[in-house]
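Asks: Model the following, please.
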Amino acid sequence: MKRLAILLAVAAALAAAPFAYACFIHSPLPVELIEDHITITITDNIAVKQYTCTFYNPNPQAVVGGTCYMEFEAGAQIDKLTLKLDGKEVEAEMLDAEKAKKVFQEIVAKGGSTALLEFYGSGLIRAEVPKIPPQGTVTAVLRYTQIVKNDNGVYRMQFLNTNPKAWLKPLKKVTVNATMHSQKPIKSIYSPTHPVKVNRIDDHNATVSYEEDNYLPKTPMALYWHVAEGEVGVSALTYRDEDERGTFMMMVSPTIDPATIPVIPKEVVFCVDTSGSMADDNRIGQVRDALKYCIGKLRPEDRFNVVEFGTEARLFKEELLTASPENIERASTWVDKLKPRGRTAVEEAMTLALKLFTTDSNAKTLIFLADGNPNEGESDTDKLAAIVEKLNTRHARIFTFGIGNEINTRLLDMLAMDNGGTSSYVMPKENLTERVTEFYDRLANPVLTDISITFRDLKVEELYPKRLPDIFKGQQIVVFGRYPVDDAHWAPEHEVLVKGKLAGKDVSFPYTLQFPAQNPRNEFLPRVWAGRKVAHLMGEIKRNGQSKELVDEIVRLAKQYGIVTPYTSFLITDDFVPGAKGDVAMRRGVSERMEKDKAEAWGPPSAPAADSARNLAGAGGTDGVFEEAKRSTGRTDEQVMQRMRIIGSKNFYNTGGVWTDSVYDPEKQKDVKVMKAGSEEYIKLVGEKPGLAKYLSLGTVLVVYQGQAYRIEP
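Replies: Prediction:
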């Protein structure tokens with residue numbers, strides 16, 4: 001259900017003022033929402049929600065009051081509704097979606113802000129608001145009980161639907177705190193829109209929280225959670241509207257406690273850069289702390305060693321040692337004496353490290369930390385990656401950490417991708433010790449490894465990630481893909497088989513999941529899928545060099561879905577215009593930036609780009625897209641949103657004061673219907689095509705809907 005907020009609109013008779021929030025008041029002067037706090041208690045499928053909002057009357061003399069309309073999601077089953085204003089309960093009336101549409105249409109027809117149309121199709125709660133004294137406040141508390149719909153074990157909730165995006169109106173503070181309890185195990189918790197904090201108390205209880213000051217709304221918060229019996233939970237969310245293909249997100253979430261899994265001895269080698277540059281920002285001190293932490297977490301049945309390298313590589317011991325208390329203490333003492341010195345001999349270090357693995361038994365892991373570019377021994381990236389792959393005869397998984405900005409990201413990516421691991425980048429302002437120890441805590445508790453997913457009777461395309469990672473304690477893997485739909489002969493149920501290794505033994509889990517022909521919900525999915533694909537294509541170009549086809553695809557996806565990276569930042573410059581001319585300029589910019597990065601595979605241009613790809617590959621929906629745009633361009637929230645807006649599954653760019661649909665092509669869509677906002681023709685269009693209304697909330701807009709282009713003018 002969408003949340004409590006306030007949108008100001010003034011009826012024509014009262015001298016129109018703009019709508020400000022997702023609950024609107026007929027009043028002569030504006031009122032500001034300054035804080036919004038949401039508390040939710042979820043027990044199985046029953047949610048008790050409470051919204052506490054503080055409104056402020058900024059007018060120095062005028063008293064403001066009126067009728068308040070609060071939005072709620074269409075179809076929501078609501079019980080025990082109470083609304084209090086400054087502690088006093090007031091009468092509230094619920095209007096279903098059809099009655100609410102008439103309210104929306106009447107206000108816009110009388111000159112009210114089109115921003116209100118963002119909430120068209122929702123229901124309304126109507127109540128009288130007492131007068132707020134000049135520069136005074138009133139606190140509204142809305143509390144109700146809602147039945148949350150269960151879709152094959154997946155629950156969805158939506159809230160924090162504050163000011164319309166068209167207003168660029170930040171709130172001073174927002175908080176969300178949700179408590180979950182389920183009789184069935186909670187397999188996964190996921191927000192595609194906001195970076196929430198999830199605390200899993202046990203298999204049946206969890207908390208979710210989010211807090212931000214000066215919060216600028218970009219999209220409502222969506223929260224999904226999946227409950228199911230069994231050792232591994234698998235669920236799928238889907239979206240298909242106008243596109244010929246559906247988009248899906250599959251979550252694989254074990255609830256197996258690693259403590260109950262038979263312990264498999266592992267072999268771990270830490271390969272650490274101690275070149276002269278590690279003296280910067282006390283990196284060597286943080287590495288020492290991280291190494292001692294990881295070594296101290298080894299089990300008695302594990303074996304380990306440490307390789308440090310500057311101009312030369314040096315072993316702690318000549319062979320792998322058991323993780324006895326005595327050996328752990330000796331290794332920690334040795335690590336304390338590590339000092340930064342000399343150059344960077346990566347080839348020699350990796351040769352020594354990989355030769356330590358002498359048997360095919362046990363799980364093997366090599367953790368590689370470096371802050372520079374190889375400059376001693378072999379330094380060519382491709383040749384060095386090939387040498388490492390050839391030396392890795394025992395199939396150790398290699399996990400790489402790049403530290404700072406002066407790093408060869410292409411090499412670290414290749415070492416990880418070629419050898420079953422992952423690459424991570426620690427930026428200068430990040431805490432290296434925290435990042436490494438957090439990673440190792442997960443790595444030390446494997447739950448399901450060597451995972452594969454088979455779609456038995458469903459054709460799927462463009463799956464990301466291409467290689468599925470292992471699942472460690474408290475983790476889940478999320479897979480995105482597309483599926484073609486034959487509307488004439490389509491059955492929604494399809495079989496999926498998840499395979500992997502549990503405690504070294506082969507296991508498989510069959511599931512029947514729903515992939516419907518049509519599903520207009522989950523609009524975030526195509527954008528997140530596109531982000532994963534762009535990250536993959538950026539990696540391919542970094543690894544193998546660019547081609548026209550790869551660059552064209554990055555440009556197409558970036559433009560359509562608003563994916564701003566260091567390579568596609570042209571999207572939010574004043575020079576960008578939709579159409580063929582803009583595409584040509586973008587292709588040139590992407591190509592030139594990638595050529596520069598290829599020539600400078602390390603150094604300041606490389607690290608932020610690699611960090612961008614990492615963020616993009618792990619980003620959620622709208623909020624993640626905007627955060628990456630800020631990181632890539634150095635612009636503020638307001639500056640990015642002045643150039644780009646995301647509404648539902650569509651992306652719009654501000655071109656000459658007109659919000660233009662990213663898929664609009666002036667060469668192809670020459671038949672454009674033009675109309676005035678608030679006109680009879682406009683109101684009729686909204687009534688006939690309610691799905692179009694949210695895009696019209698942008699005001700002056702050029703949008704393509706169901707194949708037809710519409711231009712709305714003030």
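
Asks: Test my guess that M180 contacts I186.
Replies: Yes: judged on Cβ atoms under 8 Å, M180 makes contact with I186 at a distance of 6.4 Å. For glycine as for every other residue, the C-beta is placed from the backbone atoms N, C-alpha and C.

Asks: what touches both of these two?
Replies: Common neighbours of M180 and I186 are listed as 205-206, 225 (criterion: Cβ atoms under 8 Å, 6 or more residues apart in numbering).

Asks: Tell me which of those has the lowest pLDDT.
Replies: Among the shared contacts of M180 and I186, W225 carries the weakest pLDDT, at 91.

Asks: Now do the SS call for that one.
Replies: Per DSSP: H, G, I helix; E, B strand; the rest coil, the local secondary structure of W225 is strand.

Asks: and it, how many neighbours?
Replies: 26 (other Cβ atoms under 10 Å).

Asks: Could you find the closest non-adjacent residue to it?
Replies: Leaving aside its sequence neighbours, W225 sits nearest to I189 (Cβ to Cβ, 6 or more residues apart in numbering; 4.7 Å).

Asks: Please name the residues that touch the one you found.
Replies: Applying Cβ under 8 Å, 6+ apart, we find I189 in contact with 180, 198, 200, 206, 208, 223-225.

Asks: Mind doing that once more with 7 Å?
Replies: Each residue near I189 by Cβ atoms under 7 Å, 6 or more residues apart in numbering is listed here: 198, 206, 208, 225.

Asks: now, which of those residues lie within strands?
Replies: Among those, the members falling in strands (DSSP state E) are 198, 206, 208, 225.

Asks: tell me which element the closest residue to the third one other than its chain neighbours is part of?
Replies: The shortest distance from V208 to any non-neighbouring residue, by Cβ to Cβ, 6+ apart, is to A178 (4.3 Å). When secondary structure is defined by DSSP states H and E, A178 falls within strand 171-181.

Asks: Can you identify the element that follows that strand toward the C-terminus?
Replies: strand 186-190.

Asks: follow-up on the earlier one: give the bridge partners for the residue nearest to V208, please.
Replies: Beta bridges link A178 to I40, V208, judged by DSSP bridges.

Asks: Count the neighbours of it for me.
Replies: If we define neighbours as other Cβ under 10 Å, then A178 has 23 of them.

Asks: So the residue nearest to W225 versus T433, what's the distance?
Replies: For I189, the distance to T433 (Cβ to Cβ, to the nearest Å) stands at 27 Å.

Asks: Repeat that for E389.
Replies: 30 Å.

Asks: Those two: which is more packed in?
Replies: Neighbour totals were compared for E389 and T433, and T433 leads with 18 against 15 (other Cβ under 10 Å).

Asks: what secondary structure does the more buried one sit in?
Replies: Per three-state DSSP, T433 ends up helix.

Asks: Spit out the contact partners of it.
Replies: Neighbour list for T433: 286, 289-290 [criterion: Cβ under 7 Å, 6+ apart].

Asks: CA atoms only for the helix or strand hosting W529, dumped as CSV, please.
Replies: Under the criterion of DSSP H and E, W529 resides in helix 525-544. What follows is helix 525-544, C-alpha atoms only, in CSV (Å, rounded to 0.1, in the frame of the first residue of the first chain):
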residue,chain,number,x,y,z
LEU,A,525,12.4,-5.1,-13.3
PRO,A,526,13.3,-4.1,-16.9
ARG,A,527,15.5,-1.2,-15.5
VAL,A,528,17.4,-3.4,-13.1
TRP,A,529,17.8,-6.1,-15.7
ALA,A,530,19.2,-3.5,-18.1
GLY,A,531,21.6,-2.3,-15.5
ARG,A,532,22.9,-5.8,-15.0
LYS,A,533,23.3,-6.2,-18.8
VAL,A,534,25.2,-2.8,-19.2
ALA,A,535,27.6,-3.9,-16.3
HIS,A,536,28.2,-7.2,-18.2
LEU,A,537,28.8,-5.4,-21.5
MET,A,538,31.2,-2.9,-19.9
GLY,A,539,33.1,-5.9,-18.5
GLU,A,540,33.2,-7.6,-21.9
ILE,A,541,34.7,-4.4,-23.5
LYS,A,542,37.2,-4.0,-20.8
ARG,A,543,38.3,-7.6,-21.2
ASN,A,544,38.1,-8.1,-25.0
